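K.L.:
sharing a sequence plus its predicted fold:
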Amino acid sequence: MAAIRSHTEMRTAHTARGKSSSLWEGLSRAFFWMLLSISSGAGLSGCGDAPPLQELEQVARIEKTLWKIGAAEFAPEEYFRYQEKVEAVKGNFSRERARWSMIQEYDEIRTHLTALSLEGESLLRSVSSKRNETREKAFQEVRSVEAIAEQLRERSSKLFVTNAARKKSVQAELLLAEARQDLTEGRYRASYEKARRARLLLDPADREINTTLDRYLERRNLIRWRGWVRETLDWSRRNSAPVIVVRKAERTLTLYQGERPIKVYSISLGFNGLNDKRSVGDGATPEGTYRIILKKDLGETKYHRALLINYPNERDRARYRRARQLGGLIEIHGGRNEGLEETLGCVALDNDEMDDLFRRVSNGTPVTIVGTTNDLTSTDFAL
């Protein structure tokens, strides 16, 4: 009986354990499907703490705009600090996204992204302001240097500029072209720097030309030139003979009888003609009172016809005692209309006008060469 009871109890215990195991498996299976359902439901319906995707997109747009408008150039420190913050938040987001969706937490990341949006908008305003200031600065500098370059181009075609200064002017023109291109393409700081360098390269030519022009604006020079012309016209009146007056600034040669102008001729000067001659080969046209000492007819000069004057005279030698060689062979000659304007210090006329003047004068005719007899400004020159 005892054996039968023991066997019965064992069967009962085994049955109970089987029922308990089945129940546990059922509960586990139900709990698993419940969690899966919750997890899937959260992902599909937006329940739970959804990722801050809109905030991320907003920060990404700001970061891209900052790059496009040149934040690295106009606010490098602020821009790089901002990038570091953005990268840090992106790293936190990636790590959080890798966790199980049921335990993801985005509140802190969302807060940081909102702050980054505000900071980015502020940085955008600051960079835009600096960019606009630099653009205006570059625009004004380019325009200013363009005006200088244009004036120098016009004046240097008529006034003497050394080869060294001309070479620098060419370099300046090339830089100025690059500055214009940079300005057009939004490289404002580079544009400004190139325009500024172009200005420095133009300075030598500008100084040389202004030195020449200043001679014509000095009152003492004007008084001296007017005195020479007055003496020459007085001589013409006393002797009833024609005289020649050359005004270099106006590019004219006037034939006078007494104080009456008989005819005005257009002239050309050499490459440095507006300056007063000081030495041989300087290309300057001498200033002073002279006389015709030799009339050269057809076949006696390559310049059609010519009137040789007595340069240098005693006044020239006295004024420039220190000059080793004052040069010579200064003429009034033809060839102006034949491309012979490479005259070094002479006065050139068109051939037909040279023929007319040649008939009207003789050896001994006074020739006075001055800068001008008029009150001039720097814009009055026949350039």
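P.N.:
Nice, I can see it.

K.L.:
helices along the chain, start to end?
P.N.:
2-45, 53-68, 71-74, 76-97, 107-156, 163-184, 188-217, 219-239, 314-319, 351-360 (DSSP state H).

K.L.:
distance to Pro261 added to those, as CSV?
P.N.:
Glycine gets a C-beta too; all of them are placed from N, C-alpha and C. Shown next, in CSV, are the helices of the chain (distance: least, CB to CB, whole Å):
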stretch, distance to Pro261
helix 2-45, 103
helix 53-68, 69
helix 71-74, 64
helix 76-97, 70
helix 107-156, 28
helix 163-184, 37
helix 188-217, 21
helix 219-239, 10
helix 314-319, 25
helix 351-360, 13
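
K.L.:
okay if I get those as TSV plus mean pLDDT, distance to Arg260 and mean neighbour count?
P.N.:
Shown next, in TSV, are these (pLDDT from 0 to 100; distance: least, CB to CB, whole Å; neighbours: other CB atoms under 10 Å):
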stretch	mean pLDDT	distance to Arg260	mean neighbour count
helix 2-45	46	109	10
helix 53-68	94	74	15
helix 71-74	91	70	19
helix 76-97	94	75	14
helix 107-156	93	34	16
helix 163-184	92	43	16
helix 188-217	90	26	19
helix 219-239	96	9	15
helix 314-319	76	27	13
helix 351-360	97	14	16
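
K.L.:
which among these is found nearest to Asn272?
P.N.:
Of all these, helix 188-217 sits nearest to Asn272, with 8.3 Å by CB to CB.

K.L.:
and that closest one with helix 163-184, angle?
P.N.:
Angular relation of helix 188-217 and helix 163-184 on a 0 to 180 degree scale: 140 degrees, by axes from the mean of the first three to the mean of the last three CA atoms, to 10 degrees.

K.L.:
now do helix 188-217: which elements does it pack against?
P.N.:
helix 107-156, helix 163-184 (3 or more CB pairs under 8 Å, 6 or more residues apart in numbering; DSSP states H and E).

K.L.:
to Leu274, which of these lies closest?
P.N.:
Of all the helices and strands packed on helix 188-217, helix 107-156 comes closest under CB to CB, at 10.0 Å.

K.L.:
by contact count, what packs against that closest one?
P.N.:
Using 3+ CB pairs under 8 Å, 6+ apart, helix 107-156 sits against helix 53-68, helix 71-74, helix 76-97, helix 163-184, helix 188-217.

K.L.:
can I get those in TSV including distance to Ala147?
P.N.:
Shown next, in TSV, are these (distance: least, CB to CB, whole Å):
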stretch	distance to Ala147
helix 53-68	32
helix 71-74	27
helix 76-97	33
helix 163-184	11
helix 188-217	11
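
K.L.:
quick one: contacts for Ala98?
P.N.:
Contact analysis of Ala98 by CB atoms under 8 Å, 6 or more residues apart in numbering lists nothing.

K.L.:
do you know the pLDDT at it?
P.N.:
Looking at Ala98, its pLDDT reads 90.

K.L.:
tell me the phi and psi of it?
P.N.:
phi -80, psi -20 (degrees, to the nearest 10).

K.L.:
spit out the contact partners of the most centrally placed residue in the chain.
P.N.:
In the chain, the residue lying closest to the centroid (CA atoms, centre = their mean) is Ala195, at 2.7 Å. If a contact means CB under 8 Å, 6+ apart, then Ala195 has 138, 141-142, 144-145, 175-176, 179 as its contacts.

K.L.:
coming back round to it: quick check: which of the helices and strands packed on helix 188-217 is nearest to Ile292?
P.N.:
helix 107-156 (31.7 Å).

K.L.:
between the closest one and helix 53-68, what angle do the directions make?
P.N.:
Using the same axes, to 10 degrees, helix 107-156 lies at 20 degrees relative to helix 53-68.

K.L.:
and Leu233, how far from Arg226?
P.N.:
Counting by CB to CB, to the nearest Å, the gap from Leu233 to Arg226 is 11 Å.

K.L.:
and of the helices and strands packed on helix 107-156, who's closest to Thr114?
P.N.:
helix 53-68 (6.3 Å).

K.L.:
can I get that closest one in PDB, CA atoms only?
P.N.:
What follows is helix 53-68 as a C-alpha-only set of coordinates in PDB (Å, rounded to 0.1, in the frame of the first residue of the first chain):
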ATOM      1  CA  LEU A  53      14.600  65.000 -36.600                       C
ATOM      2  CA  GLN A  54      13.100  68.500 -37.400                       C
ATOM      3  CA  GLU A  55      15.500  70.200 -35.000                       C
ATOM      4  CA  LEU A  56      18.400  68.300 -36.600                       C
ATOM      5  CA  GLU A  57      17.400  69.400 -40.000                       C
ATOM      6  CA  GLN A  58      17.100  73.000 -38.900                       C
ATOM      7  CA  VAL A  59      20.700  73.000 -37.400                       C
ATOM      8  CA  ALA A  60      22.000  71.300 -40.600                       C
ATOM      9  CA  ARG A  61      20.400  74.100 -42.700                       C
ATOM     10  CA  ILE A  62      22.000  76.800 -40.600                       C
ATOM     11  CA  GLU A  63      25.400  75.100 -40.700                       C
ATOM     12  CA  LYS A  64      25.200  74.800 -44.500                       C
ATOM     13  CA  THR A  65      24.200  78.500 -44.900                       C
ATOM     14  CA  LEU A  66      27.100  79.600 -42.600                       C
ATOM     15  CA  TRP A  67      29.500  77.700 -44.800                       C
ATOM     16  CA  LYS A  68      28.000  79.200 -48.000                       C
END
